[in-house]
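**Student:** kindly generate the corresponding structure for this input.
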Amino acid sequence: MRIGVTFDRREDYLAQGMSPEDAAEFDPETAIVAVCGALAGLGHEPVRIGNIKALTQALVTGERWDAVFNICEGLHGYAREAQAPALLDAYDIPYVFSDALTLAVTLDKAWAKRIVRDHGIATPDFAVIETKADMGEVKLPYPLFVKPVAEGSGKGVGRKSRVSNGKQMKAVALDLLARFKEPVLVETYLSGREFTVGITGTGDDAKVLGASEIITTVNSDGPGYGYKNKTEWRVKIIEAEGKEAGAANEVALAAWRCLRCRDGGRVDIRCDANGKPNFIEVNPLAGITPDWSDLCLIADRHNVSYQQLIGLFIASFLKRHPELVRRRAAA
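**Tutor:** Modelled structure (predicted):
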């Protein structure tokens, strides 16, 4: 198959003056090269497209592909991850990973939490602060955890995210409102173990690839898996083991299915003081930089090569599009 690859290249945005934290969600050149290499190794013809503007230009000029491997994070708005998939839907071009609806809903952590809560999946109690006036309406018991509602890669999460009183909560929330220009999520802080669960497949075919446990150290920038902890390796990442890890996998898989995520990604889970796993958030466009991204590290520990990992995504995608399999067989 001729597979287009859509992406936001981190180096391009850094060259435009964006800060490393602002560009943290975008894929480095090494990831793009690795994806194209893996697709070629699987017998496909990868075609580099680029970001949504490049995709738009290519479509308008009449370029087409059998499918698109979409890892575009998008740049503006709450539905930024959904923009490339929505455009591909308009042109009836199938693509790997989740659709526009799922990507729009899951980028907003509060919306995602409401959906999984309605499905009976445990998630910490929470409130959303959109304006300064909303701070007085937060009635949750302390300690609380405060973070932007629609950011990834740990952006906005650090040493000050765990707050013990109203004064701290208001100070952190005001800072985040000013920095990110989006609502702030305030949720009950859970003191138990933290996991990130890798998942491949779609619907009933989805399964857990493996899971990592995130362990804070004396050098950690706070208790959460925040920006500095991720990018500066200030936490210890190990294979998740034990009964709680198994329960976390079940919660992650249930959340993945109820949010209609597809093909591959990660679900973040945290346990309460009694060891009960709770849904924190899902990343249906998880980073796939070799030897760096959590999903790749999980695959490595389970002896799944990078090409095999991409192959699992493609296999799930093709199961959703048997017409492409038939077309390829007839070629």
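**Student:** burial check on the residue lying closest to Arg117 once chain neighbours are set aside, number of neighbours?
**Tutor:** Residue nearest to Arg117 in three dimensions, not counting chain neighbours: Thr123, with 5.4 Å by C-beta to C-beta, 6 or more residues apart in numbering. Every C-beta, even on glycine, is put in place using the N, C-alpha and C of the backbone. Residue neighbour count, defined by other C-beta atoms under 10 Å, stands at 24 for Thr123.
**Student:** equivalent analysis for Glu182, please.
**Tutor:** 17.
**Student:** residue contacts, it?
**Tutor:** Applying C-beta atoms under 8 Å, 6 or more residues apart in numbering, we find Glu182 in contact with Tyr78, Pro148, Val149, Ala150, Glu151.
**Student:** surely it forms part of a strand?
**Tutor:** No: applying DSSP: H, G, I helix; E, B strand; the rest coil, one finds Glu182 to be coil, outside a strand.
**Student:** what pLDDT does the model give the nearest residue to it once chain neighbours are set aside?
**Tutor:** The spatially closest residue to Glu182, leaving aside those adjacent along the chain, is Ala150, at 5.4 Å (C-beta to C-beta, 6+ apart). As predicted, Ala150 sits at a pLDDT of 91.
**Student:** now do Ala150: how many residues are near it, please.
**Tutor:** With other C-beta under 10 Å as criterion, Ala150 counts 23.
**Student:** kindly provide the distance from it to Ala79.
**Tutor:** Ala150 sits 9 Å away from Ala79, taking C-beta to C-beta, to the nearest Å as the criterion.
**Student:** sorry, back to before: need the contact list for the residue nearest to Glu182.
**Tutor:** Tyr78, Leu107, Asp108, Lys109, Glu182, Pro183.
**Student:** if you set the cut-off to 7 Å instead, what comes out?
**Tutor:** Ala150 is in contact with Tyr78, Leu107, Asp108, Lys109, Glu182, counting by C-beta atoms under 7 Å, 6 or more residues apart in numbering.
**Student:** can you tell me which residues contact Ile238?
**Tutor:** Counting by C-beta under 7 Å, 6+ apart, Ile238 has contacts Ser212, Glu213, Ile215.
**Student:** repeat that for 6 Å
**Tutor:** Glu213 (C-beta atoms under 6 Å, 6 or more residues apart in numbering).
**Student:** cool, and Ile32?
**Tutor:** So Ile32 contacts Phe7 (C-beta under 6 Å, 6+ apart).
**Student:** repeat that with 7 Å
**Tutor:** Neighbouring residues of Ile32 by C-beta under 7 Å, 6+ apart: Val5, Phe7, Arg9, Arg48.
**Student:** now Val163
**Tutor:** Residues near Val163 by C-beta under 7 Å, 6+ apart: Tyr142, Pro143, Leu144, Val146, Met169, Val172.
**Student:** what bridges to it?
**Tutor:** When assigned by DSSP bridges, Val163 has beta-bridge partners Leu144.
**Student:** that one and Ala273: what is the separation?
**Tutor:** Applying C-beta to C-beta to Val163 and Ala273 gives a distance of 18 Å.
**Student:** same question, Lys243
**Tutor:** 16 Å.
**Student:** strands of the stretch 151-300 of the chain, start to end?
**Tutor:** Assigned by DSSP state E, counting those that start in this stretch, the strands in the stretch 151-300 of the chain fall at 162-163, 184-188, 194-200, 207-216, 235-239, 264-271, 277-283.
**Student:** measure how the second one sits relative to strand 277-283, angle-wise.
**Tutor:** This points to strand 184-188. 160 degrees (axes from the mean of the first three to the mean of the last three C-alpha atoms, to 10 degrees).
**Student:** in contact with Phe97, which residues?
**Tutor:** Asn70, Arg262, Asp263, Gly264, Pro284, Leu285.
**Student:** now the helices: where do they sit in the protein?
**Tutor:** Per DSSP state H, the chain carries helices over the ranges 10-15, 29-41, 52-60, 83-90, 100-107, 109-118, 166-180, 227-231, 243-258, 294-301, 306-320, 322-330.
**Student:** now the first one: buried residues?
**Tutor:** The neighbour-count criterion (16 or more other C-beta atoms under 10 Å) identifies Arg10, Tyr13 as the buried residues of helix 10-15.
**Student:** show me what it is packed up against.
**Tutor:** Contact analysis of helix 10-15 by 3 or more C-beta pairs under 7 Å, 6 or more residues apart in numbering; DSSP states H and E lists no helix or strand as a packing neighbour.
**Student:** show me the contact partners of that helix.
**Tutor:** Against helix 10-15 from outside (C-beta under 7 Å, 6+ apart): Ala23, Phe26, Asp27, Pro28, Glu29.
**Student:** same deal with the fifth one?
**Tutor:** Contacts made with helix 100-107 from outside it, assessed by C-beta under 7 Å, 6+ apart, are listed as 78-79, 81-82, 85-86, 89, 111-112, 115, 150, 259-261, 282, 284-285.
**Student:** whichever of those residues end up buried, select them in PyMOL.
**Tutor:** Selection of buried members from those for PyMOL, criterion 16+ other C-beta under 10 Å:
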select buried, resi 78+79+81+82+85+111+112+115+150+259+260+261+282+284+285
